[in-house]
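Chemist: sequence below, structure please.
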Amino acid sequence: MSRCRVAGPTFTTETTSYVARVGLVLWPTRPRRRLRVAAAVVALIVTSEAAAEPLEWGVSAWRAGNYQAALAHWSPLAEAGDPQAQLFLAFAHQQGKGVAKDSERAFHWYSLAAGQGVAEAQYELGLMYEIGEGVTQDPATAEYWYGQAIGQDFCPGELSAGGRLGDR
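Modeler: Residues are numbered from 1 along each chain as shown. Predicted coordinates for the structure are as follows:
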């Protein structure tokens with residue numbers, strides 16, 4: 001099965017052909033409409049690729065040991081609400097790489113990412129509440145966040161920000 005990239009998400013050829021079969025992808029017969037549709041598709045592709053690039057550039061910089069450059073790529077994304085950038089900033093603050101170690105800032109960024117459903121951030125919040133790192137110790141709240149992460153089939157050993165960044 002081949003995979004193709006269409007305006008950001010990855011689809012299998014079966015998905016793409018199904019979309020074409022049910023008529024969700026329409027190609028107008030009028031030249032002006034074709035031009036507008038083509039321009040819109042190009043804009044979508046460029047926008048989605050441009051949004052993903054700084055996150056990946058940050059990951060590359062982090063792996064190369066250039067933590068401050070990574071943070072420079074992630075900070076505007078995190079401020080704009082990107083949950084993966086928020087997760088990576090939280091990890092950087094928790095580890096003290098590229099910034100001073102700051103559990104309260106880590107807690108802040110994990111909270112924002114967790115609120116958007118990032119299971120790893122939910123797990124990390126549970127851990128922070130359990131041990132009282134950057135926040136007052138609260139076993140009941142820790143249990144809640146662990147439950148949120150487990151509800152998404154999160155397994156701490158399978159995926160971690162540090163692992164994706166080459167730190168664990």
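Chemist: check contacts around Lys99.
Modeler: Not quite, residue 99 is Val, not Lys. Contact analysis of Val99 by Cβ atoms under 8 Å, 6 or more residues apart in numbering lists Tyr67, Leu71, Ala92, His93, Arg105. (Each C-beta comes from the backbone N, C-alpha and C, glycine too.)
Chemist: what's near enough to touch the third one?
Modeler: Same thing as Ala92. Counting by Cβ under 8 Å, 6+ apart, Ala92 touches Tyr67, Ala70, Leu71, Trp74, Gly98, Val99.
Chemist: can you lay out those residues as a markdown table showing distance to Glu120?
Modeler: A markdown table is the format used below for the contacts of Ala92 (distance: Cβ to Cβ, whole Å):
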| residue | distance to Glu120 |
| --- | --- |
| Tyr67 | 19 |
| Ala70 | 17 |
| Leu71 | 18 |
| Trp74 | 15 |
| Gly98 | 19 |
| Val99 | 19 |
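Chemist: which parts of the chain are strands?
Modeler: Read by DSSP state E, the chain holds these strands, from start to end of the chain: 3-5, 10-12.
Chemist: straight-line length of stretch 147-156, end to end?
Modeler: End-to-end distance of stretch 147-156 (Cα to Cα, to the nearest Å): 13 Å.
Chemist: mean confidence score for that stretch?
Modeler: When pLDDT is averaged over stretch 147-156, the result is 85.
Chemist: so Ala70 touches Pro54, yeah?
Modeler: No: under the criterion of Cβ atoms under 8 Å, Ala70 is not in contact with Pro54, lying 9.9 Å apart.
Chemist: neighbour count: these two, which is higher?
Modeler: The neighbour count for Ala70 versus Pro54, taken as other Cβ atoms under 10 Å, is higher for Ala70 (26 against 18).
Chemist: how close does that one sit to Leu127?
Modeler: For Ala70, the distance to Leu127 (Cβ to Cβ, to the nearest Å) stands at 23 Å.
Chemist: ok, back up a step: could you export the contacts of Ala92 as CSV, including pLDDT and distance to Ala140?
Modeler: Supplementary listing: the contacts of Ala92 in CSV, determined by pLDDT from 0 to 100; distance: Cβ to Cβ, whole Å:
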residue, pLDDT, distance to Ala140
Tyr67, 93, 35
Ala70, 93, 35
Leu71, 94, 33
Trp74, 94, 32
Gly98, 92, 34
Val99, 94, 31
